[in-house]
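Chemist: how would this look folded up:
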Amino acid sequence: MRNLFHVLTLFPEMVLQGLSPSVIGRACEKNIITLNAVNIRDYTKDRHGKVDDYPYGGGAGMLMQAQPVFDAHRAVTGGRNIRTIYVTPQGSPFTQQMARELAEETELVFLCGHYEGIDERVLEEIVTDFVSIGDYVLTGGELPAMVMIDAIARLIPGVLGNDGSAEEESFYRDLLEYPQYSRPEEWHGRKVPAVLLSGDHRKVAKWRLEEAKQRTARRRPDLYEKYQQKQLLIRLLSRQKRNHIHIMESLDRGNGEIVYSHNGEGTLSVLVYDRNSRTSMAIAADCSFGEKIADCLPGEGRFIVISDLFLKDILAKRHYRVLGEYDQMLYTKKEVLRVKHRDIRCLTMEHFPQVCRLYCPEGGPGIEEGYLRERILAGAMYGAFLEGNLAGFVGVHSEGSLGMLYVEEPFRGQGIALSLESYAVNRMLERGQTPYCHVSAENTESGRLQERLGFYKAEKTFWWLEKVLAK
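Modeler: Modelled structure (predicted):
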């Protein structure tokens, strides 16, 4: 089970019937998510099942009482500190970014109001987030809660299936989705654009990007301005592409957010935060900019990737520890690589125990089992099979780099590692991404493999650091 959604409501059937069909229902059947609709009326102490009363001070309508709401909340949380969302027009606007953030929670509570609202005292006691889906009033909070659950759940790895990708829909790369067409080729005198019938994937990708840009500029100028800001920064970073590819890719995929940027005379200082991986990426022109960047680091961030030695020293004073020293390597060609071993495919949870046994042995390196589970469910890990047996695997990390390459000892020396990474590179090229990886400075064998595939090495040395949490 990946995520648990509790919905406190007076109409549980409405929630269950509304969310059970389609991908949400299938995700529940697979135990990827669990939907728990709780009837607040079950927790009233009134023998007639009453949960509302007249508001003090007068006024039209009835107000939901604090006691049944509080007891329903306590029943599902057990007094634990679980993020609780009250859906109200008075809340912060619900956005795709908020959906991504909430998708990281393993458990959420949604509180649905009715009548004229809920007693303020219980809201003050249990609610952590006041959220709105728009500036209008509905009869209850069930529909907004379902909207948010749908948006959040589809971002949870495995909900859309291993071959689905939530990021390739609306808001991909901070752009609205491009126009789509199906059969017949002509309908009501309107023809499918010729480029979509050409079979040329590069031309199709280019057309889709241009259409998405035009649509976003026309319908959502606010999003388009954000997109343009990122593209401008990408162009500045591209002057040293080998050193900055990790930041460029995070921005271009729509995952990275610009936290700080200063373009001086021939210098550039940047802090980008990738929410998917809770990873910051920074470059600083000098110590003074390094201090500014350190001051701007997101509180929820866990990791940071840097290439400035002085910045490493600054962060050490801010309770960050060095995880390792790495070479950054990238594949800038557009040529598809040859894959010798043909039986390579997405891993599923069936392979999770074996992957953990090989990559997370007791006392071994610190990749967490939960992280591997998330990567498999996201369809971001690929395995090579020989006679039906998993011989090795490779993956794409949550911030976008290639990694997690491993081949079982009996199958080594057969070119499986080369095939696995070539396969992963080709998948990234299909998506219009630039493949890159971080290779441990001590792992000369892996470095030679990247060079053999045509990867180029950055001039700078990179460090991964992790925030040391207070005990």
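
Chemist: okay, how far is it across stretch 326-337, tip to tip?
Modeler: When the termini of stretch 326-337 are compared using Cα to Cα, to the nearest Å, they are 24 Å apart.

Chemist: Please list all residues in contact with the residue most central in space within the chain.
Modeler: Residue closest to the mean C-alpha point of the chain, counted by Cα atoms, centre = their mean, is Asn276 at 3.8 Å. Applying Cβ atoms under 8 Å, 6 or more residues apart in numbering, one finds that Asn276 lies in contact with Arg100, Asn255, Ser398, Glu399. Just so you know, the C-beta spots here come from the backbone N, C-alpha and C atoms, and that holds for glycine as well.

Chemist: Nearest residue to Met148 in space, please, no chain neighbours.
Modeler: Closest residue to Met148 apart from its sequence neighbours, by Cβ to Cβ, 6 or more residues apart in numbering: Phe94 at 5.8 Å.

Chemist: Do a quick rundown of the strands in the stretch 251-400 of the chain.
Modeler: Secondary structure of the stretch 251-400 of the chain by DSSP state E, counting those that start in this stretch: the strands cover 256-263, 268-274, 279-283, 303-306, 320-330, 344-346, 381-386, 389-396.

Chemist: what's the most distant pair in the contacts of Asn276?
Modeler: The span of the contacts of Asn276, defined through Cβ to Cβ, is set by Arg100 and Glu399 at 13.6 Å.

Chemist: Looking at the two now, which is surrounded by more residues?
Modeler: Set Arg100 next to Glu399 and count neighbours by other Cβ atoms under 10 Å: Glu399 wins out with 22 against 18.

Chemist: how about that one, what does it touch?
Modeler: Residues near Glu399 by Cβ under 8 Å, 6+ apart: His246, Ser250, Asn255, Asp274, Asn276, Ser277, Thr279, Val305.

Chemist: any idea how far the last one lies from Arg218?
Modeler: Yep, that's Val305 we're talking about. According to Cβ to Cβ, to the nearest Å, Val305 and Arg218 sit 36 Å apart.

Chemist: So for the two, which sits in the more crowded spot?
Modeler: A direct count of neighbours by other Cβ under 10 Å for Val305 and Arg218 places Val305 higher, at 25 against 10.

Chemist: Identify the residue spatially nearest to that one, adjacent ones excluded.
Modeler: Leaving aside its sequence neighbours, Val305 sits nearest to Met281 (Cβ to Cβ, 6+ apart; 4.9 Å).

Chemist: Pairing partners for the one you found in the sheet, please.
Modeler: For Met281, the beta-bridge partners are Val272, Val305 (DSSP bridges).

Chemist: was I right about it contacting Gly256?
Modeler: Yes - assessed by Cβ atoms under 8 Å, Met281 is found in contact with Gly256 at 7.1 Å.

Chemist: shared neighbours of these two, which are they?
Modeler: Contact criterion Cβ under 8 Å, 6+ apart; residues shared by Met281 and Gly256: Ile247, Ser250, Val272, Tyr273, Asp274.

Chemist: For those, work out which two are farthest apart.
Modeler: Of all pairs in the shared contacts of Met281 and Gly256, the most separated under Cβ to Cβ is Ile247 and Tyr273 at 10.6 Å.

Chemist: list the residues that contact both of the two?
Modeler: Overlap of the contact sets of Ile247 and Tyr273 (by Cβ under 8 Å, 6+ apart) consists of Gly256, Met281.

Chemist: related to what we said a few turns ago, ok, which of the strands of the stretch 251-400 of the chain comes nearest Glu409?
Modeler: Of all the strands of the stretch 251-400 of the chain, it is strand 389-396 that lies closest to Glu409, at 10.1 Å by Cβ to Cβ.

Chemist: any idea of the mean pLDDT in the closest one?
Modeler: Model confidence over strand 389-396, given as mean pLDDT, is 96.

Chemist: tilt between that strand and strand 381-386?
Modeler: 160 degrees (axes from the mean of the first three to the mean of the last three Cα atoms, to 10 degrees).

Chemist: in the stretch 101-250 of the chain, which spans are helices?
Modeler: 120-126, 142-153, 201-219, 221-237, 241-252 (DSSP state H, counting those that start in this stretch).

Chemist: Save those helices as CSV, and put in mean pLDDT too.
Modeler: Listed next are the helices of the stretch 101-250 of the chain as CSV, based on pLDDT from 0 to 100:
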stretch, mean pLDDT
helix 120-126, 97
helix 142-153, 96
helix 201-219, 93
helix 221-237, 96
helix 241-252, 97
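
Chemist: could you dump these to JSON lines with distance to Gly388?
Modeler: Listed next are these as JSON lines, based on distance: least, Cβ to Cβ, whole Å:
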{"stretch": "helix 120-126", "distance to Gly388": "52"}
{"stretch": "helix 142-153", "distance to Gly388": "33"}
{"stretch": "helix 201-219", "distance to Gly388": "31"}
{"stretch": "helix 221-237", "distance to Gly388": "43"}
{"stretch": "helix 241-252", "distance to Gly388": "35"}
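
Chemist: now for those, which one comes closest to Tyr43?
Modeler: helix 120-126 (11.8 Å).
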